[in-house]
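Visitor: Below are the sequence and a predicted model; questions follow.
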Amino acid sequence: MQRDSGAPLFEFFAGGGLARLGLEPDFACVFANDIDPAKARAYRTAFDDAPMHQGDIWKLSAADLPGQAALAWASFPCQDLSLAGARRGLAAPRSGAFWGFHSLIEKLASENRAPDILALENVTGLLSSHGGADFAALVHALDDLGYRVGAMEIDAALFTPQSRQRLFIVAARNAPSALTVSGPAAPFHTPALRAVVARLPDSLRKRFVWWRLNAPPKRNTRLADLLDETSENWDAPEKTERLIAQMSPLQRARLDALRESGRREVGAVFRRIRIERGERVQRAEARFDGVAGCLRTPAGGSSRQILLFVEGDQVRSRLLSPREAARLMGTPDHYPLPEGQTAALHLFGDAVCVPVVRWLSQELLSPLAGAALARRIA
Ligand SMILES: C[S@@+](CC[C@H](N)C(=O)[O-])C[C@H]1O[C@@H](n2cnc3c(N)ncnc32)[C@H](O)[C@@H]1O
């Protein structure tokens with residue numbers, strides 16, 4: 001079913017609008033919301049039509065939302081679900097913002113203008129939070145609103161050279177059989193997802209849908225292809241030496257072998273605290289597989305990713321630049337970088353990968369919106 005312009009989109013927890021970047025032109029954003037003034041500013045700079053309403057989702061009312069959306073996207077906060085945090089779950093204030101979203105959808109439903117489709121994105125920790133109880137509560141809540149709910153785990157590394165496994169939950173008022181499969185299928189219905197679905201109460205499990213989503217073509221970019229060659233913020237040699245000294249003996253042997261090969265290689269390094277023989281040791285952990293580690297928000301020195309350039313005997317290091325972070329998220333180079341490194345890295349570390357959203361849109365969300373429109377017209 002063709003439309004003249006994109007199907008109406010509400011973008012919640014919009015951040016810098018990277019979901020929107022992946023959803024256009026299938027969907028056209030008519031409303032966006034984020035609580036953070038810096039994110040709202042970045043959003044308004046990136047999109048001059050600026051349907052951005054800055055503020056707490058709990059303070060929005062149905063009257064703030066124009067008409068009926070085909071799709072409501074919600075990349076809700078992950079801090080209480082992430083394996084790195086205290087995992088207080090969906091009842092905690094930050095990740096609990098999901099309930100603010102849910103309450104708005106409930107109000108829209110009571111006015112007969114619930115979005116046809118909901119797409120939620122979060123860390124995969126949501127699958128195991130409180131032993132699966134948080135995932136079950138979320139599925140239950142959407143199911144109660146009359147949606148058929150399904151989910152997928154997608155690693156951005158299939159699309160862009162960044163390892164970033166995320167959970168995508170898609171709920172639709174109808175699940176056309178052409179867009180579903182009868183049971184879990186690789187690669188996106190992962191063992192962790194199958195396990196948590198198997199533990200859902202019978203009635204919920206029976207209504208859970210396995211969305212049909214094809215795997216994308218093989219990725220043809222590597223970290224080295226996305227480098228900002230104009231970046232000259234090289235670390236002093238002593239700093240690079242200190243970084244190398246923090247590597248494990250095995251990693252250092254690997255680095256020596258790369259040096260001897262004479263090839264130019266670019267590795268991605270994170271510092272992590274490890275417990276070794278009962279002691280806390282700071283380790284520099286490098287990967288040289290052409291893929292960057294998962295971008296994080298800059299919450300301290302160790303959350304900044306470092307690039308290590310090996311060219312024969314010469315080894316140099318520098319921090320990953322904001323433009324490189326943007327590219328690893330699949331954001332085009334005309335996307336304006338927020339002012340200041342920290343703000344930029346915060347925006348991209350928190351965001352959803354554009355090519356993943358685009359794939360999901362092309363393969364599933366847009367066909368679902370087309371089917372919903374066809375039903376409405378019939
Ligand atoms: C995981 S980020 C989503 C980023 C966005 N999808 C993107 O790609 O840039 C979550 C966002 O939710 C926003 N947020 C957190 N609590 C909120 C609340 N109570 N109301 C509205 N937005 C909130 C944060 O400021 C943050 O930008």
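Guide: Arrived safely.
Visitor: For the rest of this, base every contact and every neighbour count on C-alpha atoms.
Guide: OK.
Visitor: Which residue is the nearest non-sequential neighbour of the residue of the stretch 101-250 of the chain found nearest the ligand?
Guide: Residue nearest to the ligand within the stretch 101-250 of the chain (C-alpha to the nearest ligand atom): N122, separated by 7.0 Å. Computed as C-alpha to C-alpha, 6 or more residues apart in numbering, the closest residue to N122 that is not its neighbour in sequence is L167, at 5.4 Å.
Visitor: Does the residue of the stretch 101-250 of the chain closest to the ligand touch C78 like I think?
Guide: Yes: assessed by C-alpha atoms under 8 Å, N122 is found in contact with C78 at 6.0 Å.
Visitor: Got the phi and psi for Q54?
Guide: Main-chain dihedrals, Q54, degrees, to the nearest 10: phi -80, psi 130.
Visitor: Then E24?
Guide: Residue torsions, per degrees, to the nearest 10, at E24 are phi -80, psi 150.
Visitor: swap in Q314?
Guide: Q314 adopts backbone torsions of phi -80, psi 130, taken as degrees, to the nearest 10.
Visitor: Name the nearest residue to it, sequence neighbours excluded.
Guide: Closest to Q314 by C-alpha to C-alpha, 6+ apart is R259, at 7.8 Å.
Visitor: next one: F101
Guide: Excluding its sequence neighbours, the residue lying closest to F101 (C-alpha to C-alpha, 6+ apart) is I57, at 6.7 Å.
Visitor: May I see the buried residues of the lengthiest strand in the chain?
Guide: Criterion DSSP state E: the longest strand present in the chain is strand 264-276. For strand 264-276, the neighbour count (16 or more other C-alpha atoms under 10 Å) marks E265, V266, G267, A268, V269, F270, R271 as buried.
Visitor: For the nearest residue to the second one once chain neighbours are set aside, give the beta-bridge partners.
Guide: Of all residues not flanking V266 in the chain, F309 sits nearest, at 4.6 Å (C-alpha to C-alpha, 6+ apart). Partner residues in beta bridges with F309, using DSSP bridges, are V266, R316.
Visitor: Now do F309 against the ligand, distance only.
Guide: 29 Å (C-alpha to the nearest ligand atom, to the nearest Å).
Visitor: and the closest residue to the ligand within the stretch 201-350 of the chain, how many neighbours does it have?
Guide: Nearest residue of the stretch 201-350 of the chain to the ligand: D350, at 4.7 Å (C-alpha to the nearest ligand atom). Look at D350: counted by other C-alpha atoms under 10 Å, it has 17 neighbours.
Visitor: for the one 4 residues further on, same thing?
Guide: The number of residues packed near V354 is 26, by other C-alpha under 10 Å.
Visitor: what does Q341 give?
Guide: Neighbours of Q341 using other C-alpha under 10 Å come to 14.
Visitor: list the contacts for it?
Guide: Listed by C-alpha atoms under 8 Å, 6 or more residues apart in numbering, the contact partners of Q341 are S321, P322.
Visitor: And the pLDDT for it?
Guide: The confidence metric pLDDT takes the value 86 at Q341.
Visitor: picking that back up, quick one: average confidence on the longest strand of the chain?
Guide: Rounded mean pLDDT across strand 264-276 is 91.
Visitor: quick one: contacts of it?
Guide: Residues outside strand 264-276 that contact it (C-alpha under 8 Å, 6+ apart): 223-224, 258, 280-293, 302-312.
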